[in-house]
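**Student:** build me a model:
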Amino acid sequence: MTDHMKRAKAGFEPMFAVEAAIQRSTLEPLLVHLVKLRASQINGCAFCIQMHVAEALKDGETPLRLHMLSGWRESALYSERERAALSWTEALTRLSDTGAPDADWAPVEATFDTDERAWLTLSIGAINLWNRVQAGLRVPHATTLPPVQADAA
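**Tutor:** This is a model prediction of the structure:
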């Protein structure tokens with residue numbers, strides 16, 4: 001299905017408004033890209049994986065960090081703040097398995113201010129909804145990425 005946004009326009013318009021609000025939040029764009037990409041990897045949403053890789057590259061993320069994202073726990077490429085966000089992303093994306101444990105919440109609480117915690121959690125919820133819509137409706141992914149800048153390699 002490729003015309004779902006037209007067919008359910010009244011439902012998708014608020015989703016786009018949420019995305020615009022997240023972009024205006026105080027969360028760093030590259031952090032939001034990592035969160036969206038990690039949730040999309042877990043959910044197996046090819047459309048969203050391609051889209052978030054492309055957007056992250058355009059915004060200056062390095063290819064290596066994107067390649068290593070599924071192994072972030074064993075990689076030194078991610079900051080304490082990113083690690084807290086990624087752990088929370090995994091906990092909420094796998095909510096039925098994890099129950100969003102305090103052990104995953106504590107680093108978020110220690111690293112993000114109150115407003116950022118709300119925006120981070122909303123961002124995770126939003127990408128999980130997008131993953132379910134795009135994967136559920138079998139929306140095909142794009143087959144290209146933006147060119148990588150020489151200094152980002």
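**Student:** okay, how far is it across stretch 132-143, tip to tip?
**Tutor:** 20 Å (CA to CA, to the nearest Å).
**Student:** what does that stretch rub up against?
**Tutor:** 1-2, 4, 43-51, 54 (CB atoms under 8 Å, 6 or more residues apart in numbering). For every residue, glycine as well, the C-beta is placed using N, CA and C.
**Student:** gap between it and the chain center?
**Tutor:** 15 Å (CA atoms, centre = their mean, to the nearest Å).
**Student:** for stretch 35-54, same thing?
**Tutor:** So, by CA atoms, centre = their mean, the centroid of stretch 35-54 is 7 Å from its chain's centroid.
**Student:** which of the contacts of stretch 132-143 fall in helices?
**Tutor:** Of the contacts of stretch 132-143, the ones assigned to helices by DSSP state H are 4, 43, 46-51, 54.
**Student:** next, the contact list for the spatially most central residue of the chain, please.
**Tutor:** Central residue of the chain (CA atoms, centre = their mean): K36, 0.7 Å from the mean position. Residues near K36 by CB under 8 Å, 6+ apart: 48, 52, 123, 127.
**Student:** longest helix in this protein, by residue count?
**Tutor:** With DSSP H setting the assignment, residue counts place helix 114-136 as the longest helix in the chain.
**Student:** mean confidence for it?
**Tutor:** For helix 114-136, mean pLDDT is 97.
**Student:** ok, H67 to E28 distance?
**Tutor:** In this structure, H67 lies at 20 Å from E28, with CB to CB, to the nearest Å as the measure.
**Student:** typed the wrong thing, it's K58
**Tutor:** Noted for K58: a distance of 15 Å to E28, by CB to CB.
**Student:** neighbours of Q50, how many?
**Tutor:** A count of neighbours around Q50, defined by other CB atoms under 10 Å, yields 18.
**Student:** could you dump the lowest-mean-pLDDT helix or strand in the chain to PDB, C-alpha only?
**Tutor:** Least confident helix or strand, the chain: helix 4-7 with a mean of 82, by mean pLDDT, DSSP states H and E. Once non-C-alpha atoms are left out, helix 4-7 reads as follows in PDB (Å, rounded to 0.1, in the frame of the first residue of the first chain):
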ATOM      1  CA  HIS A   4      -2.200   5.100   3.000                       C
ATOM      2  CA  MET A   5      -1.400   8.700   4.000                       C
ATOM      3  CA  LYS A   6      -4.000  10.000   1.600                       C
ATOM      4  CA  ARG A   7      -6.600   7.400   2.700                       C
END
